[in-house]
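Student: only geometry, no sequence info:
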């Protein structure tokens, strides 16, 4: 071996050098055709994408969308392209939006009808009823159409969208020194500063990360700002549980250019309830009670079972049915009933009853006596002092004498 190394040298380094020479010569031969090869790769990649879109469209029953010049979204029986793959049956829903139809604007309504065409579509309903999926599917259908794919719907007439802004889910991370609410505000701020009449904004429960009154105020302020843009108002999809803004007439439900919808639910119970209800539609067991034009509220006991129909209907739903939702997802019934009791007291402005629950019978009796004394004192006409003595009157007020 020593003699071979002396006469031949290190074979390994010679092999490596030869490999480098071969690779270099190969590169020189290939680089001459690099432009043709890159174009071939691009054509193959585009063909692969088109074949994938075609195969997916055929397998899932997608249809060709009609792209128009008008600034509209008109979807008939649309579906979520991903969510429907994990369900046995997906409930399809319609959607209709018109950009530039804010306050004071005079847009050209397609098809000669303006009753269903607004720039803002506001969706309400119970927790976990499918509001987020409904809004996401509209945005996804718009994206799929603009990349050249068929869409999951019976038909779709769509105008071009220049930007899509979302406030859908908040993802916190230690890499950002921001709270969840600050992240939401940044997303909405970006949308307000950059949106146009051709944009699409998706706001899913914006304002829920702070005090309910402050969140409701920000929610109303954002919508009013967008509507006051008039002909520059973008297309907006909104879901919210801030029902007070509708019951307190903060929003002009009748006159503002907003389309209101809600996700239908069905209530079933082993025993009939005493609360008055009216049947809406032909669904057995689907009950609502009317609280105004286009507003739906169901007031039922917690023991009723809620079934989500995932179907969009016109009008507002002013109840989130959080108690029934909590019971369905395994929260112990005593906790759910207690939560419903407190919620009812808050709605009736009778929160003071919670303070009375920890009082003994003797303390409650003393409280009633004190209330009676206050009422008698308020009934005392201090300006009219004729016919009685002050000490005697005070004795009557304090309950020390039956009469004066």
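Tutor: Ah, there it is. Please read all numbers here as calculations on a predicted model, not as lab measurements.
Student: looking at this, residue 203 is in a strand?
Tutor: Yes. Remark: residue 203 belongs to a strand, assigned using DSSP: H, G, I helix; E, B strand; the rest coil.
Student: From what I see, it and residue 222 are in contact.
Tutor: Yes. Residue 203 is within contact range of residue 222, at 7.3 Å (criterion: Cβ atoms under 8 Å). From N, CA and C alone the C-beta is placed, and that goes for glycine too.
Student: what sits in contact with each of the two?
Tutor: Counting by Cβ atoms under 8 Å, 6 or more residues apart in numbering, the common neighbours of residue 203 and residue 222 are residue 188.
Student: Those two: which is more packed in?
Tutor: residue 203 (26 against 21; other Cβ atoms under 10 Å).
Student: who's in contact with that one?
Tutor: By Cβ under 8 Å, 6+ apart, the residues touching residue 203 are 167, 188, 222, 236-239.
Student: Return the per-residue confidence for it.
Tutor: As predicted, residue 203 sits at a pLDDT of 93.
Student: For beta bridges, what are the partners of it?
Tutor: residue 167, residue 238 (DSSP bridges).
Student: Quickly list the domain ranges of this protein.
Tutor: Split into domains by automatic domain parsing, the chain comes to 2-52, 63-320, 359-397.
Student: Quick one: closest of the ones you listed to residue 332.
Tutor: domain 63-320 (11.8 Å; Cβ to Cβ).
Student: And the strands in the stretch 201-350 of the chain?
Tutor: Assigned strands in the stretch 201-350 of the chain, in chain order: 235-239, 258-268, 278-279, 287-290, 295-297, 305-314, 316-317 (criterion: DSSP state E, counting those that start in this stretch).
Student: Which of the domains of the chain has the lowest mean pLDDT?
Tutor: domain 359-397 - the lowest mean pLDDT of the domains of the chain, at a mean of 75.
Student: in it, what counts as buried?
Tutor: 393, 396-397 (16 or more other Cβ atoms under 10 Å).
Student: gap between that domain and the chain center?
Tutor: Distance of domain 359-397 from the chain centroid (Cα atoms, centre = their mean, to the nearest Å) equals 53 Å.
Student: got a list of what residue 258 touches?
Tutor: Residues 118, 120-122, 223, 227, 251 are the ones in contact with residue 258 under the rule Cβ under 8 Å, 6+ apart.
Student: Could you work out the most separated pair of these?
Tutor: 121 and 251 (13.9 Å).
Student: Spatially, and excluding backbone neighbours, which residue is closest to residue 339.
Tutor: The shortest distance from residue 339 to any non-neighbouring residue, by Cβ to Cβ, 6 or more residues apart in numbering, is to residue 323 (6.0 Å).
Student: How many residues are close by that neighbour?
Tutor: Residue 323 has 27 nearby residues by other Cβ under 10 Å.
Student: From residue 265, how far off is it?
Tutor: According to Cβ to Cβ, to the nearest Å, residue 323 and residue 265 sit 13 Å apart.
Student: can you check residue 102 too?
Tutor: Distance from residue 102 to residue 265, by Cβ to Cβ: 32 Å.
Student: With residue 318 instead?
Tutor: Distance from residue 318 to residue 265, by Cβ to Cβ: 13 Å.
Student: Which one of those two is surrounded by more residues?
Tutor: Neighbours were counted for residue 318 and for residue 265 using other Cβ under 10 Å; residue 265 has more, 26 against 18.
Student: give the contact list for the more buried one.
Tutor: Neighbours of residue 265 in contact, by Cβ under 8 Å, 6+ apart: 125-126, 129, 286, 298, 306-309, 321.
Student: do the same with residue 312
Tutor: Contacts of residue 312 by Cβ under 8 Å, 6+ apart are 93-94, 123, 134, 261-264.
Student: Mind giving me the PyMOL select for those residues, buried ones only?
Tutor: The following PyMOL line selects those of the contacts of residue 312 that are buried, judged by 16+ other Cβ under 10 Å:
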select buried, resi 93+123+134+261+262+263+264
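Student: Contact partners for residue 9?
Tutor: So residue 9 contacts nothing (Cβ under 8 Å, 6+ apart).
Student: now the one 5 residues further on
Tutor: By Cβ under 8 Å, 6+ apart, the contact list for residue 14 is empty.
Student: tell me which element it is part of?
Tutor: helix 11-31 (DSSP states H and E).
Student: how about whatever helix or strand comes next after that helix: buried residues?
Tutor: Downstream of helix 11-31, the first helix or strand assigned by DSSP H and E is helix 34-60. When burial is assessed from 16+ other Cβ under 10 Å, helix 34-60 yields the following buried residues: 53, 57.
Student: From the contact counts, what lies against helix 34-60?
Tutor: On a contact count with 3 or more Cβ pairs under 8 Å, 6 or more residues apart in numbering; DSSP states H and E, helix 34-60 meets no helix or strand.
Student: Thanks a lot, catch you later.
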